[in-house]
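**Q** Next comes the sequence, and after it the predicted model I'd like to discuss.
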Amino acid sequence: MTLDGALDDYLAHVRTERGYSAHTVAGYRADLVDLIGFAEQRGVHDPAGLELGLLRDWLWAATERGLARASIARRAASARGFTAWLHRRGLIAADPGARLKAPRAQRTLPRVVTEHALADALAALAARAADGDPVAVRDAAIAELLYAAALRVSELVGLDLADVDRRRRTVLVTGKGAKQRVVPYGAPAARALDRYLESARPALVAGAEAAPTTSAVFLGVRGGRLGVRSVHRQIASLLEDIPGSGPGGPHALRHSAATHLLDGGADLRAVQEFLGHASLGTTQIYTHVSAERLKQSYRTAHPRA
């Protein structure tokens with residue numbers, strides 16, 4: 001079997017059997033296509049030629065091109081997954097990726113937007129939606145739901161009408177690895193979402209060039225499912241004037257929601273379930289306790305405070 005053929009089979013495996021998202025599969029494809037191109041330049045055209053030395057040289061070449069530590073770490077992970085699968089399939093005698101090391105990626109967290117700043121930004125969105133413009137009403141519902149339910153942007157755009165339980169104020173979310181969870185949302189998000197579903201979404205459907213066939217909750221102006229990039233642009237624009245460092249896209253709302261939950265005294269394991277993290281360790285890294293909450297805990301619990 002050629003390397004290209006093995007790659008096609010591997011990507012089909014992670015997509016169908018492992019349930020990886022299209023975005024994740026595309027990332028694997030980009031990394032491994034680069035690896036195969038590097039291997040072919042070295043005269044390697046089948047899986048048996050993927051040796052540890054070649055994998056190390058590939059990562060070194062990427063380092064020399066100036067790729068970030070996070071990119072190098074991701075490439076190493078892609079290669080390890082591929083060679084482990086090749087070994088399980090019996091296409092290679094040993095797994096060279098098991099000994100492949102890469103620098104730890106520096107974990108960067110999106111900034112946390114304060115509760116007051118978010119309240120002002122969401123109020124501004126509501127004011128723009130007051131005249132009933134369908135796009136403005138939709139954008140207000142998007143921002144409210146992203147923050148209220150701490151959703152990933154892919155989870156938001158993947159919502160279908162059947163996933164929304166307006167009576168219970170919950171959404172059925174399909175997260176990473178096709179894992180599903182039920183997430184609650186509060187009264188402000190409920191008002192914004194109800195208004196969108198009752199008036200703005202039908203207006204977007206009526207104004208579409210052709211009758212939409214999608215059951216998506218959030219629609220674009222042409223009536224199709226709204227894309228990730230559109231939501232990213234909207235939230236980046238919403239947060240661009242708010243002071244603070246770090247990215248200002250949809251993930252900033254998710255991170256802010258998680259941090260505000262912890263600041264309010266929510267249990268870490270409850271936040272883990274809310275976010276859809278597989279391990280508590282991820283939640284501990286992803287969220288952080290504010291200095292004020294830490295000081296309050298110290299004053300309450302320490303005998304010498």
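**A** Structure's in. What do you need? Numbering: from 1, shown residues only.
**Q** Report all helices and strands that the host helix or strand of residue 139 contacts.
**A** Here residue 139, judged by DSSP states H and E, is contained in helix 134-149. Secondary-structure packing of helix 134-149 (3 or more C-beta pairs under 8 Å, 6 or more residues apart in numbering; DSSP states H and E): helix 115-128, helix 153-157, strand 170-174, helix 187-195, helix 201-207, helix 228-239, helix 250-263. All C-beta spots, glycine's among them, are computed from the backbone N, C-alpha and C.
**Q** Show me how far it is from its chain's centre.
**A** Chain-centre distance of helix 134-149: 17 Å, with C-alpha atoms, centre = their mean, to the nearest Å.
**Q** now the helices and strands packed on helix 134-149 in TSV, with mean pLDDT and distance to residue 276?
**A** Compiled in TSV, the helices and strands packed on helix 134-149 are given as follows (pLDDT from 0 to 100; distance: least, C-beta to C-beta, whole Å):
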stretch	mean pLDDT	distance to residue 276
helix 115-128	93	21
helix 153-157	94	8
strand 170-174	93	7
helix 187-195	96	18
helix 201-207	90	25
helix 228-239	92	17
helix 250-263	87	10
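**Q** These: which one's closest to residue 280?
**A** Proximity to residue 280 (C-beta to C-beta) singles out helix 250-263 among the helices and strands packed on helix 134-149, at 12.9 Å.
**Q** low-scoring stretches of this structure, by residue?
**A** Within the chain, the stretches with pLDDT under 70 are 103-110, 210-213, 244-247, 281-298, 301-305.
**Q** Centroid-nearest residue for it?
**A** What sits nearest the mean C-alpha location of the chain, by C-alpha atoms, centre = their mean, is residue 152, with 4.7 Å.
**Q** List the contacts of that one.
**A** Shown in contact with residue 152 (C-beta atoms under 8 Å, 6 or more residues apart in numbering): 175-176, 250-251, 254, 276.
**Q** State the phi and psi torsions of residue 241.
**A** Backbone torsions for residue 241, taken as degrees, to the nearest 10, come to phi -90, psi 0.
**Q** I misspoke; the intended subject was residue 165.
**A** Backbone torsions of residue 165, given as degrees, to the nearest 10, read phi -110, psi 100.
**Q** Kindly report the same for residue 17.
**A** phi -90, psi -30.
**Q** next one: the one 10 residues further on
**A** Here is the backbone geometry of residue 27 (degrees, to the nearest 10): phi -60, psi -40.
**Q** what about it, distance to residue 36?
**A** According to C-beta to C-beta, to the nearest Å, residue 27 and residue 36 sit 15 Å apart.
**Q** got the buried residues for stretch 152-162?
**A** 152-159 (16 or more other C-beta atoms under 10 Å).
**Q** Residue 127: which of those residues is nearest?
**A** residue 156 (22.2 Å).
**Q** and the nearest residue to residue 257 once chain neighbours are set aside, how many neighbours?
**A** Distances taken as C-beta to C-beta, 6 or more residues apart in numbering place residue 150 nearest to residue 257, at 3.9 Å, with adjacent residues excluded. By other C-beta atoms under 10 Å, the residues close to residue 150 number 25.
**Q** residues contacting residue 150?
**A** 183, 253-254, 257-258, 261, 274-275.
**Q** Just the buried residues from these, in ChimeraX please.
**A** Applied in ChimeraX, the following selects the buried portion of the contacts of residue 150 according to 16+ other C-beta under 10 Å:
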select :183,253,254,257,258,261,274,275
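**Q** mind putting the contacts of residue 150 in JSON lines, distance to residue 80 included?
**A** Output for the contacts of residue 150, formatted as JSON lines (distance: C-beta to C-beta, whole Å):
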{"residue": "183", "distance to residue 80": "32"}
{"residue": "253", "distance to residue 80": "32"}
{"residue": "254", "distance to residue 80": "28"}
{"residue": "257", "distance to residue 80": "33"}
{"residue": "258", "distance to residue 80": "29"}
{"residue": "261", "distance to residue 80": "34"}
{"residue": "274", "distance to residue 80": "30"}
{"residue": "275", "distance to residue 80": "26"}
